[in-house]
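Colleague: Structure, please.
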Amino acid sequence: MDLSGKLLVAMPGMGDPRFEKSVVFMCAHSDDGAMGLIVNKPAAEVRFADLLDQLGISRTSEGSDIRVHFGGPAEHGRGFVLHSADYSANGSTLQVDDRIGMTGTLDILEDIAKGIGPSRSILALGYAGWGPGQLEDEILQNGWLTCDAPLDLVFSADNASKWEGALRTLGIDPLTLSAAAGRA
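Modeller: Numbering: from 1, shown residues only. Have a look, this model is predicted:
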């Protein structure tokens, strides 16, 4: 099953503190592995304006300010913008589905700074990656639940409620979750 465009929702007791109560938007999933961005963990110490300054990008008065997130434990020095499908950057945008794209080039940061970027976006530093079969094994070991990715949840400014919100899309009350896996 291709999980591109879906959410992974970390189960309690997953065992990896970097993913505790994480909601991961899946950008790519195939037999070769998987890649996603955590959408509910803000990078509190990093501001978009500071990143623009470091990159030498000027923001116009029309420019937007976007939230910066911890995208995952791999390659913290790389940035990825998860955004609405109303934007595409010169062939460098991965169109995940008909609603969401991901761009990892400076073009999008420059366009956001000019006010001509996507209508909705999140900047993620780093990403979550899995080798062939690794994610499927973690799902079988009760590490993750999967669900659809409502745009309002993915791009919500209320990061604190995204984990519970994702669970509720499955009809699950977080208080009823168990960390123990079982087989019927």
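
Colleague: list the contacts for the closest residue to residue 67 other than its chain neighbours?
Modeller: If the residues on either side of it in the chain are set aside, residue 67 comes closest to residue 122, at 5.8 Å by CB to CB, 6 or more residues apart in numbering. From N, CA and C alone the C-beta is placed, and that goes for glycine too. Contacts for residue 122 were tallied using CB atoms under 8 Å, 6 or more residues apart in numbering; they are 37, 39, 66, 67, 69, 81, 82, 83, 154, 155.

Colleague: now do 10 Å
Modeller: Residue 122 is in contact with 25, 37-40, 42, 66-69, 71, 80-83, 102, 154-157, 159, counting by CB atoms under 10 Å, 6 or more residues apart in numbering.

Colleague: For PyMOL, write the selection for the buried entries among those.
Modeller: Those of the contacts of residue 122 that count as buried under 16 or more other CB atoms under 10 Å are selected in PyMOL with:
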select buried, resi 25+37+38+39+40+42+66+67+68+69+71+80+81+82+83+102+154+155+156+159
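
Colleague: can you tell me which of the contacts of residue 122 are in helices?
Modeller: residue 154 (DSSP state H).

Colleague: In strands, which of the contacts of residue 122 fall?
Modeller: Applying DSSP state E to the contacts of residue 122, the entries found in strands are 25, 37, 38, 68, 69, 80, 81, 82, 83, 102.

Colleague: okay, now residue 86: neighbour count?
Modeller: Number of residues near residue 86 (other CB atoms under 10 Å) recorded here: 11.

Colleague: same check, this time on the one 4 residues further on
Modeller: Other residues within reach of residue 90 by the criterion other CB under 10 Å amount to 8.

Colleague: show me what contacts it?
Modeller: 103, 105, 107.

Colleague: can you check residue 123 too?
Modeller: 37, 43, 46, 48, 51, 66-69, 71, 79-83, 108-109, 112.

Colleague: Show me what secondary structure element comes after the helix or strand hosting it.
Modeller: If you go by DSSP states H and E, residue 123 is part of strand 121-130. Downstream of strand 121-130, the next assigned helix or strand under DSSP H and E is helix 134-140.

Colleague: where does the most centrally placed residue in the chain land on pLDDT?
Modeller: By CA atoms, centre = their mean, the chain has its centre lying nearest to residue 37, at 2.9 Å. Here, the pLDDT recorded for residue 37 equals 97.

Colleague: just checking, residue 51 touches residue 67?
Modeller: No: in this structure, residue 51 is not within contact of residue 67 by CB atoms under 10 Å, at 11.6 Å.
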